[in-house]
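Enquirer: Give me the fold of what follows.
(one chain, ligands or ions: 1)
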Amino acid sequence: MSDERQLRNFHDRDAEEQNAFLENTWCNRCQQVDLGMSDPVEFTLNGRLFIEGQCRVCGETVTTELVEDDDVDG
Ligand SMILES: [Zn+2]
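Expert: Numbers count the residues shown, from 1 in each chain. Predicted coordinates:
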């Protein structure tokens, strides 16, 4: 088991997908959704996929976990 970050290339994604991920954020400092992030870095950790960047409003690190399986509620 590794608990180290494995970097992936966020920019391999479609531009549309990139934009969606960059806009769908939650900032802990601002306590608001969808403020956007800059400087995105994509990585996996413990088998889970994350995108991390800086909040466009306050510069705080924001992390989005991507859920790519089809575990959809309702
Ligand atoms: Zn913020």
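
Enquirer: Now do the end-to-end distance for stretch 19-34.
Expert: Terminal residues of stretch 19-34 lie 11 Å apart, using CA to CA, to the nearest Å.

Enquirer: Does the ion have contacts with that stretch?
Expert: Yes. Using CB under 5 Å from the ion, stretch 19-34 reaches the ion at 27, 29-30. Every C-beta, even on glycine, is put in place using the N, C-alpha and C of the backbone.

Enquirer: which of those residues count as buried?
Expert: Those of the residues of stretch 19-34 next to the ion that meet the buried threshold are residue 27, by 16 or more other CB atoms under 10 Å.

Enquirer: In CSV: the residues of stretch 19-34 next to the ion, plus pLDDT and secondary structure.
Expert: Shown next, in CSV, are the residues of stretch 19-34 next to the ion (pLDDT from 0 to 100; DSSP: H, G, I helix; E, B strand; the rest coil):
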residue, pLDDT, secondary structure
27, 97, strand
29, 98, coil
30, 98, coil
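
Enquirer: Name the nearest of the residues of stretch 19-34 next to the ion relative to residue 13.
Expert: For the residues of stretch 19-34 next to the ion, the residue nearest residue 13 by CB to CB is residue 27; the value is 21.6 Å.

Enquirer: is it true that that closest one touches residue 34?
Expert: No. Contact criterion CB atoms under 8 Å: residue 27 and residue 34 do not qualify, at 9.2 Å.

Enquirer: Which member of the residues of stretch 19-34 next to the ion is positioned nearest residue 62?
Expert: Nearest to residue 62, judged by CB to CB, of the residues of stretch 19-34 next to the ion is residue 27 at 5.1 Å.

Enquirer: can you tell me which residues contact the closest residue to that closest one other than its chain neighbours?
Expert: Distance criterion CB to CB, 6 or more residues apart in numbering; nearest residue to residue 27, sequence neighbours excluded, is residue 55 at 4.3 Å. By CB atoms under 8 Å, 6 or more residues apart in numbering, the contact set of residue 55 is 25, 27, 29-30, 35-37, 61-62.
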